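Undergrad: sequence and predicted structure, then a few things I'm wondering about:
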Amino acid sequence: MTVVQFDVWILSEVDGAYHWATNDEHSERAQLLATPELHRQLRERSRLAVKVEGERFVESADKIAATTAFDTTEVRLPKVSRRIKQLTSYLAAAG
């Protein structure tokens, strides 16, 4: 493995120069990628929880939510929580 390949491997870049040769290496890569994703999802859940509280104080929040084509904060929050649960159980099973 070259220095560049090692740097990409240690940073767990998705499109890195190192090509994984075994299933164990693929699993290790998936675990490396799952940990920072879990942290991002935890931050997103905290952000959405604060946003939901803020929206409750806005009188027109229901009107805005009814006219938008995007998921509302209250809909996105359970999705993020489900993903956190998936990542947590995956990482716990992986050891």
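TA: Looks like it came in fine.
Undergrad: can you list the buried residues in whichever helix or strand Gly54 is part of?
TA: For Gly54, the element it lies in under DSSP states H and E is helix 23-57. Neighbour-count burial for helix 23-57, with 16 or more other C-beta atoms under 10 Å as criterion, is recorded at Arg29, Ala34, Leu38, Gln41, Glu44, Arg45, Leu48, Glu55. Bear in mind the C-beta positions are built from the backbone N, C-alpha and C, glycine included.
Undergrad: so Gln41 touches Gln86, yeah?
TA: No - in this structure, Gln41 is not within contact of Gln86 by C-beta atoms under 8 Å, at 9.3 Å.
Undergrad: who touches both of these two?
TA: When contacts are counted by C-beta atoms under 8 Å, 6 or more residues apart in numbering, Gln41 and Gln86 are jointly contacted by no residue.
Undergrad: out of the buried residues of helix 23-57, which one has the weakest pLDDT?
TA: Per-residue confidence over the buried residues of helix 23-57 reaches its minimum at Glu55, where pLDDT is 74.
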